[in-house]
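>>> here is a sequence with its predicted model. Questions after.
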Amino acid sequence: MTTPRRIGVLTGGGDVPGLNSVIKSVTYRATELGMEVMGIRRGWEGLTHVKPGGALDPDYLRPLDRQNTRTIDRTGGTMLHTSRTNPARMKPGSLPTWLDPKVAERYRTDDGRYDLTEVVLEHLEALGIEALVPIGGDDTLSFARILVDRGVPLVAIPKTMDNDVPGTEYCIGFSSAITRAKELIDRQRTTLGSHERIGVFRIFGRDAGFSALFAAYVTSARCLIPEAPYDLDALAALMADDHRLSPSHYAIVVTAEGAIWQGANLDEVGEADAFGHRKKANVGEALAAELTKRTGVESLAIELTYDLRSGQPDALDQIVSSTFANVAMDLLAGGRFGRMVAIRDGKYAETSLPAAGSKARRVDVPGMYNVDRFRPRYDGRIGRPMLLVGLND
């Protein structure tokens, strides 16, 4: 097809700093290319729940231009709002209120969910949206893959503070999360030292340990990652040594939410979300209790989770967000659809959108993590991308 005349942009999944910078840069570049930009609110929900008809539904659609996006990059979050909606697997209670129950039955799947992909396609056509720029992590991009397979022109932009989208060394939000983690851990040193405690910092990372690894890298902390189940007694012995040798008698360890010790079986809790994920039981609290028992030192569980995705992006995320947006627009203008913007070998690049069922990118344990010391590896960095983790694909 020729260059799209109207494009849609949306943000899905968890918010991270830098999303508004992407939205603004997409809008500015699109107007230079003569394209209209339609902001789709609340992620994929905006394309399932938007009311059919001639008038634009303000709950789910917002035309974007240079004026109404001029200052949005000065704040964090996403001005388009977000959700974890998966149009291909919607629960009965999540269906649009305007959808007739009898009509909805045609979309029911064998497991009792509803696949509204056809509704999304109909809405895109009715709205005259000829191409999409979805911004999200692996869950959001999994539905983007479905749309690509159905012929929808789009270019995706990866974001997640977990930095685990396959195909790219960097995702928007990662640097800001590590910057926040460093600030919070460093502030807590005074309290931990004053009370002579062990601090157990829980950070996001259900399937991959990049956030824990790099938070430890910049704070000289021990860290635990999902890729390497560990010996709890060995960890306790090192934490006791750290506590004893510290002049203030404190020690710190950063644990990813999905990191567990050998023989542990922490339950998942709560109801599964639209993409089948349940929350992990709080490994920070469980680990703190075990360290207290094994070391005799009071251990405190401290959350490094939602604070890390709040506020403005740091300088690196600001730069990457704006550049990813412009690379995406280059691809759209050039008719390069079904692609994802990426960092590969430390350079801006394009790559295939992750295939359906792709697993999260994971830490290269031998190359990046010292299993015996529970620390990032600081040696052997020649040839590695600066600040980033090389791809294994």
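Cool, got the structure. Numbers count the residues shown, from 1 in each chain.
>>> could you use CA atoms for every contact and neighbour count after this?
Will do.
>>> give me phi/psi at the residue nearest to the spatial centre of the chain?
By Cα atoms, centre = their mean, the mean C-alpha position of the chain lies nearest to residue 160, the distance being 1.9 Å. Backbone dihedrals for residue 160, given as degrees, to the nearest 10, come out at phi 180, psi 140.
>>> quick one: it and residue 137 touch, right?
Yes - with contact defined as Cα atoms under 8 Å, residue 160 reaches residue 137; the gap is 5.4 Å.
>>> who's in contact with residue 386?
Contact analysis of residue 386 by Cα atoms under 8 Å, 6 or more residues apart in numbering lists residue 346.
>>> can you say which helix or strand has it in it?
With elements taken from DSSP states H and E, nothing contains residue 386; it lies in neither a helix nor a strand.
>>> same thing with residue 9?
Secondary structure from DSSP H and E places residue 9 in strand 6-11.
>>> what's the answer for residue 284, then?
Secondary structure assigned from DSSP H and E places residue 284 in helix 283-295.
>>> buried set for that helix?
With burial defined by 16 or more other Cα atoms under 10 Å, the residues of helix 283-295 counted as buried are 283-285, 287-292, 295.
>>> ok now it, how far from the chain's centre?
Averaging C-alpha positions (Cα atoms, centre = their mean, to the nearest Å) puts helix 283-295 28 Å from its chain's average.
>>> who's in contact with that helix?
The set of residues that contact helix 283-295 without belonging to it, under Cα under 8 Å, 6+ apart, is 199-202, 233, 236-237, 239-240, 255, 257-260, 266, 297-303.
>>> what do you get if the cut-off is 10 Å, keeping everything else the same?
Defining contact as Cα atoms under 10 Å, 6 or more residues apart in numbering, one finds that helix 283-295 is touched by 197-203, 232-233, 235-241, 243, 253-261, 266-267, 296-304.
>>> in helices only, show me those residues.
With helices identified by DSSP state H, the entries of those that belong to them are 232-233, 235-241, 243.
>>> tell me which stretches of the stretch 201-350 of the chain form strands.
With DSSP state E, counting those that start in this stretch as the definition, the stretch 201-350 of the chain shows strands at residue ranges 222-224, 251-256, 268-269, 279-280, 299-304, 339-344, 347-352.
>>> and those strands: which comes nearest residue 364?
With Cα to Cα, the closest approach to residue 364 among those belongs to strand 222-224: 13.6 Å.
>>> start to end distance for stretch 117-137?
Across stretch 117-137, the straight-line distance between its terminal residues is 19 Å, by Cα to Cα, to the nearest Å.
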